[in-house]
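*Asks:* With the input below, show me the fold.
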Amino acid sequence: MNPLRRAAALFAFAALSSSVACAANPRFISAGGGPRHWDYGTVTYATTPNDLSSAISHSTADSIVAAAAAIWSAVPTADIALVQSGALAEVVDGSNFFLTDTGFTMPADVASGGTGPQVAVLFDSDGAVTDAMLGEGASAPSNCRQSAVTNTVDAFSDNTNLITHAILVVNGRCFRTGSSSELSELQYVLLRAWGRVLGLGWSQLNDNVFTGSPQPTLDQLLDWPILHPIDLICGPYAFQCLQQPFTLRMDDISALSMLYPISRPGQSQLPGKHVTNQNALNIQGAFSFPDGQGMQGVNLEAHILYAGTGVVGTGAVVSAVTGYAFTGNAGTPVTGALAPDGLPRSQWGVILPSFEGAYDINEMDIDSSYNWLNVLLVPVAINPLYIGDYAVGPYASRQIAPSGSLGGFMVFGAGVNGGTWSYMTQSDAARPLAALDGTESSPTAVPVSGWWNSTLSTHGHTAWYAIHAPTGGTLAVEVTARDESGNAATTKMQPILGLWNAADSTGTVPDYAAASPFNSTTVATTTLRAPAGPLRLAIADSSGDGRPDFTYSARVLCATAVAPATLPAAGGSIAITGLGFRNGMKVTIGGTLAHVVGTTSNALAVTAPALTSISGASAGSALDMVVTDLVTGSSTTLPAAITYAPPPPTTTPLLELVNGGAQTIPSTTAYAQVVLEATDGAGNPVPGVAVTVDQQVTALPPACPSTGRCPPPALFSSGSLTLTTNSSGQISFSPLTVNGQSQTRILSTTVAGGELQTTLSHL
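*Replies:* As a prediction, the model looks like this:
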C-alpha cells in the first residue's frame, strides 16, 4: 500500500496507545482535565484460542496472562479488577488482522465497538499482528525488548471520559523455548502491559536505578516502580534486573488508586477492597515560577521521614509530575491547531492556568506504628530520554529542563489517619526578560540592528514581528533558544518560525515555515530563509508552550542595498546596507569573494574584486551579491546588484553639461541637481569612469573701487568628490550651499584631463 497512507493509518491507530500520554500517574487526560479510566469494578478480557508458540500452549499462556492481571486486581485500595470472560471466537493472524488504505481490518470481537470483550488479548504466534501494528520486521526476536507485548487503548466514551476498549498483543516469536526464565519474562512484560491498559502512565521514581548514577541503594532498587519507562539491560531477560519483579511498588499502587479510588466503606462491590485513604496520605499543590506561572513537567519525588527517627529513607516512595493534567500541546499558528489525525493538538489535558504546575500525590501508605510523619518532596528534572512511547508527564515530544536550584521542601505533620494536604511552593528561578513582541494584527517592528533578545512567556503565546525589507532579494531569520543563564539550550523552548507577506490576512497558514525546531547546524537554533519584502514573522514553541524560562535571541539577516551599484572594471569600494550583520561575514559578487574591511550591524564596507577575477562575468552584466554568516551558514542575496562598467577608453572622454548649469536662483531656493555626461567625442556615453568635482562657494563679487584692483570675494566653503559614471555615462550631484548667504558657486569638473566649468549664483 501507499507508504504515506500506511503511516497515517498507523498513526491513527497508535496515537491512543502512547503518544498522547499525559501524566506520570494517569496515562490519559481528557480536555476537561480529568484522568481517563475504565468504569469501576471489573474489566473483562478474552484471549485467542491458539497456542502462543510451539513451546507455550494456549493454557500456559492463558494462565500467565491471568497471573499478571491478578497482581493489579489484588490492589486493595483500587476499585478495579481484570477478569477473564472466556476465549475469542477465532485465531487472529495476518489473514484477518491487517492494514489497508482505509485503516485496520480485524475480526468483530477484536475491534472496538464490536461483539467481543473490553480487552482482546491476541496470541500472535507468527508475529504477523505485531508487524501490522508496529511495522514490518517489528516482531523479529532481535526486537523483543520493544515488541514482546504491544498494547493499544483505542476507544473512549466522550461523554464519560471512560476507556471502553483495548487490544493487547503477545508476540509469540519472543517466546520460543518455554523455559522457566522465558515464562517469567512473559509474566513480567504482561504485568507492565496490563498497567498501561488500565490507564497508568510511566513513572521516573528513583531513576538512578536506570541511569546508574549515583549507584542505587537497596531502598531505591526495591522502590523502583514496575511502570518505569525503559528496562535495564542486564542479561537476556528484563525481569532479572529487578528486585521482586512481580511485586507492585507503592508508586504503582498510588497511581492505580488515584484512577480507581474507593472513597467510602462498602463502595466497591469487589471483595477484599477498602477505602483508599485509610492510613494513607494525599498531598496536593502547585509548583511555580517566581511570577506565579506553574512550572510544568517537574518530577516530584516523595521521601518519608518518620517521627522520632530523624532519617529520610534513601529511596523515594511515590512521585508525581507537575502539570500532569495540563495540556502538552496547544498548537501554533505555524503548525496549525490540528494534528495529523485531524484532531485538535490540545485535545489531551486542560488549558487552565491553575493546572499548569499542579501535582497530586495519592495513597502514600503510613506505617500505623508512627503517630505522624514528615514528607520531603524533592523536585527532579525528567530524563530527556523519556519521550514518545516512553514519555513521562505531559510532554510527549521532548522534556523541558526545570529552572532554579530545585531544593526539596518539607510537608510537615501528616497524621496517622491520613488525609489530604495542600502545599504550594515556588522555584527560585531568575526573573524573565521582558517580552518585546506584538500581536498577529499589530506586530512589533524588528529592531533596526536586526538583533534582539526576548522571552516567549505564557502558555500558548506566539511572538509577532514586522520585517520591513525591500522586495527582490532573500533574507534569513535565526532564533536560538536559551536557558535562564543565557546559554544556548535544547531543553527549554523549541523555536519554530513562520513568515507571511505583510498583506496576508490574519489566521492563514504561513507562506514560508520552519515547522521543525533546531534545523540549523548551530546549537539550539532554528533558521528560515525566504524572499525578502514586507513580512510578518511568527516565533513560537513547537508545542505551543510558553514559560518565563523560554528566553531566546533572534536575528534577521538581510542586505537591503549596495552603493555604488556600478563599478569600474578594476573593482573598488562598495557599501552594503542592511541588518543583522556582524564580524565574520563573507561577501561574494558573482560567486567571487570580496574583501570585507569594516562591519557594523547595519553596514559592511567591502572592496569588490576586479571584473577579470569573476569567472564568466563580462562588462555590463548584472551580478548577484551574497552575504553569508560564516558561523551559522545563513545568507542574504541581492540579485543583479553589481554591474561592472567597460574598461575606460584610451582616448580622453569629454564632459557635457546635461542639466543644472548656470543657475541663478533666490537665496531661499535649493539648487537643482547638476547632471554631467562623459562621452567619447562621437557622442557615445562612457560608463565607469571617475569624475572629480571641485566646488568653491564664495560671496557675491563686491563692487570694484573707482581706482585700483577689485577685492576678491570671500570664500565660504570648498569641497571635492569623485563619482563614477553609471551605465549611461552620467553622474549627478547636489551643489553645496552656505545657508543664509548670498553666494556664488564655481563648479570646476574634470575627467581624465577634460574640464568643464559652470557658475551658480544665490541672489
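*Asks:* residue ranges of the helices in this protein, please?
*Replies:* 3-14, 58-73, 128-134, 144-147, 180-197, 208-211, 218-223, 250-259 (DSSP state H).
*Asks:* Just send these back as JSON lines, with mean neighbour count, distance to residue 683 and mean pLDDT too.
*Replies:* Where C-beta positions appear, they are placed from N, C-alpha and C, glycine not excepted. Shown next, in JSON lines, are the helices of the chain (neighbours: other Cβ atoms under 10 Å; distance: least, Cβ to Cβ, whole Å; pLDDT from 0 to 100):
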{"stretch": "helix 3-14", "mean neighbour count": "14", "distance to residue 683": "67", "mean pLDDT": "41"}
{"stretch": "helix 58-73", "mean neighbour count": "19", "distance to residue 683": "100", "mean pLDDT": "98"}
{"stretch": "helix 128-134", "mean neighbour count": "23", "distance to residue 683": "82", "mean pLDDT": "96"}
{"stretch": "helix 144-147", "mean neighbour count": "18", "distance to residue 683": "84", "mean pLDDT": "94"}
{"stretch": "helix 180-197", "mean neighbour count": "21", "distance to residue 683": "90", "mean pLDDT": "98"}
{"stretch": "helix 208-211", "mean neighbour count": "17", "distance to residue 683": "85", "mean pLDDT": "95"}
{"stretch": "helix 218-223", "mean neighbour count": "17", "distance to residue 683": "95", "mean pLDDT": "92"}
{"stretch": "helix 250-259", "mean neighbour count": "26", "distance to residue 683": "94", "mean pLDDT": "93"}
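*Asks:* closest to residue 520 out of those helices?
*Replies:* helix 3-14 (26.4 Å; Cβ to Cβ).
*Asks:* Figure out which of the helices of the chain is closest to residue 232.
*Replies:* So among those, helix 208-211 is nearest, using Cβ to Cβ, at 6.3 Å.
*Asks:* where's the closest one relative to the chain centroid, distance-wise?
*Replies:* 28 Å (Cα atoms, centre = their mean, to the nearest Å).
*Asks:* which residues make contact with it from outside it?
*Replies:* 214, 215, 216, 220, 221, 224, 228, 230, 232, 383 (Cβ atoms under 8 Å, 6 or more residues apart in numbering).
*Asks:* Could you pick out the buried ones from the residues you listed?
*Replies:* 216, 220, 221, 224, 228, 230, 383 (16 or more other Cβ atoms under 10 Å).
*Asks:* Which member of the residues you listed is positioned nearest residue 360?
*Replies:* residue 228 (19.9 Å).
*Asks:* mind listing what that closest one touches?
*Replies:* So residue 228 contacts 202, 203, 204, 205, 207, 209, 210 (Cβ under 8 Å, 6+ apart).
*Asks:* Most neighbours among these, which one is it?
*Replies:* residue 203 (31 neighbours; other Cβ atoms under 10 Å).
*Asks:* Could you pull up the residues touching that one?
*Replies:* 24, 25, 225, 227, 228, 229, 251, 252, 255, 319, 392.
*Asks:* Make TSV from these and add distance to residue 379 to it.
*Replies:* Below are those laid out as TSV (distance: Cβ to Cβ, whole Å):
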residue	distance to residue 379
24	13
25	16
225	18
227	20
228	19
229	19
251	16
252	21
255	19
319	11
392	14
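*Asks:* Go through those residues and flag which are in strands.
*Replies:* residue 319 (DSSP state E).
*Asks:* what's around residue 382, how many residues?
*Replies:* There are 24 residues near residue 382, going by other Cβ under 10 Å.
*Asks:* Please name the residues that touch it.
*Replies:* 204, 297, 298, 299, 321, 392, 393, 395, 399.
*Asks:* Dump those residues into a markdown table; add distance to residue 242 and pLDDT as well.
*Replies:* Converted to a markdown table, the contacts of residue 382 look like this (distance: Cβ to Cβ, whole Å; pLDDT from 0 to 100):
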| residue | distance to residue 242 | pLDDT |
| --- | --- | --- |
| 204 | 16 | 96 |
| 297 | 26 | 93 |
| 298 | 26 | 94 |
| 299 | 20 | 94 |
| 321 | 22 | 94 |
| 392 | 18 | 94 |
| 393 | 23 | 89 |
| 395 | 26 | 87 |
| 399 | 24 | 93 |
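*Asks:* Mind picking the one among those that's closest to residue 664?
*Replies:* Once Cβ to Cβ is applied, the member of the contacts of residue 382 that ends up nearest residue 664 is residue 395, at 78.1 Å.
*Asks:* Nice, that's everything, thank you.
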